[in-house]
Each structure stands twice: as C-alpha cells, then as structure tokens.
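A.B. asks: Structure here, sequence nowhere to be found:
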C-alpha cells in the first residue's frame, strides 16, 4: 500500500501483485480516495467506497513483487520485483497517464544495484515526501527469521527521479528487530520512517533524528 496524489486529491494505492510462483496474469493496483480519519475517532467500516483498478503485466513475464511506491509529486507508480539471491530484483513503472480499467504493460526502469545480489528479496519501499530519496527493505539472511535490512537511496544533481535506482547513493539505515517486518513508510514530514511486522498486535517503530 502507498499514499500518493490523484485527481481527487490524495489516494491510497493498494497492490494486488503478490505472486510467489510467478504465474499470475491478473495483477492490478487499486486506487481509493484517502479517508478522513479524525485523531482519536473510533475505527469504523466504510461502505460503498469508490475505487479504480489499474490492471497490468510485466514486460518480461510474470514475477513476484511486494514493494509498491508512488511518487509524491508526479504520481508515478513503481513496483519492485522480489527475486531471491543471488539474482536481483527490478524496478517497473506504470506508463502515464493512468487510465482506470485499461490493461497496460509496465515500463522496466532498472535492475536493482549489484549490492542487492547479496541480499534477499525486496519486501517494501517508500519514496520520500520532499526529497529525491527512497527506502527499500529486504530480508537479511544473516539474521534468520528477521527482516532487518533497510536501504536508503539518495539522488544528487537534480536529474530524473528514475536515475535514483542506478545513479543514487545507497546506504544501510537503522531498523528495529521485528518478527517478520515487511513494511516501511516515511513520516509525512520526511523526518523519520515507520516500520512494522506481520502478525496481530505488532508494534509500529519510529526511526528519526532526535
């Protein structure tokens, strides 16, 4: 799931593209208007929530993917494929403009950098709300049963955002030890990021500068 711009203002993008066996031909991203939730208000159920569906395929055949990202200003939608080591995943982007109900073939932006050939699959990602930076999260085989590695990429020089995957500077950033952490998201102000794990009652962790 990712937050991003849309014709109605701000929308939630929900990816239906998990495919462990890399066989699906019915992948899609759904888009719904961001609900207004007051702080402290009880959780409720929204009925008749309007949504749009964007069916897609990959240019190089079916593949498994979990990471979905939306650029906060351009609205470009990115998906990062999930391929086990020693292979690397790849980054794909929806062609613009986004047209609900119209099947499209994604554009392959780049293979992930060589450092990801030493990592396990990418499970989550998010684009910084204000700067040309992003986070990608992978499983760390060095710590069994813990998804513990988060990489930050930064792009200098003001080039196209897609260059961040090949020309960006990558570094490992801190993360909490979680049972099966597969989520990462920047705070709205970009001054920190949140992570959490699969499972009921799991805490949400904040990593930020003091």
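C.D. replies: Arrived safely, thanks for sending. Quick caveat: nothing in here was measured; it's all calculated off a predicted structure.
A.B. asks: Low-confidence ranges, this protein, go.
C.D. replies: For the chain, residues meeting the criterion pLDDT under 70 lie at 140-148.
A.B. asks: try it again with 80
C.D. replies: Scanning the chain for pLDDT under 80 picks out 37, 43-48, 84-87, 120, 139-148, 210.
A.B. asks: biggest strand in the chain by residues?
C.D. replies: As assigned by DSSP state E, the longest strand anywhere in the chain is strand 9-16.
A.B. asks: any residues touching the following helix or strand past that one, and which ones?
C.D. replies: If you walk from strand 9-16 toward the C-terminus, the next helix or strand you reach (DSSP states H and E) is strand 28-33. When contacts are defined by Cβ atoms under 8 Å, 6 or more residues apart in numbering, strand 28-33 is touched by residues 6, 8-17, 49-56, 68, 77, 79, 94, 98, 100. No exception for glycine: its C-beta is placed from N, CA and C like everyone else's.
A.B. asks: Show the buried residues in these.
C.D. replies: Burial by neighbour count, 16 or more other Cβ atoms under 10 Å: within the contacts of strand 28-33 this picks out 6, 11-13, 15, 17, 52, 54, 56, 68, 77, 79, 94, 98.
A.B. asks: Tell me the one of those residues nearest residue 137?
C.D. replies: Set against residue 137, the nearest of the buried ones among the contacts of strand 28-33 by Cβ to Cβ is residue 68 (12.3 Å).
A.B. asks: picking up where we left off before, same for the longest strand of the chain, what does it pack against?
C.D. replies: The contact analysis (3 or more Cβ pairs under 8 Å, 6 or more residues apart in numbering; DSSP states H and E) places strand 9-16 against strand 2-6, strand 28-33, strand 65-70.
A.B. asks: Let me know which of those is tucked in deepest.
C.D. replies: strand 65-70 (a mean of 24; mean count of other Cβ atoms under 10 Å).
A.B. asks: Mind giving me the packing neighbours of that strand?
C.D. replies: Packing contacts for strand 65-70, counted by 3+ Cβ pairs under 8 Å, 6+ apart, involve strand 2-6, strand 9-16, strand 77-81, strand 122-127, strand 133-138.
A.B. asks: Report the strands that pair with that strand, each with its relative direction.
C.D. replies: strand 77-81 (antiparallel) (DSSP bridges).
A.B. asks: Not counting its own residues, what contacts the strand it pairs with?
C.D. replies: Here strand 77-81 has contacts from 2, 4, 13, 15, 17, 29, 54, 58, 63-71, 89-94, 98, 106, 109, 112, 122, 125, 127, 136, using Cβ under 8 Å, 6+ apart.
A.B. asks: Cool, thanks, talk later.
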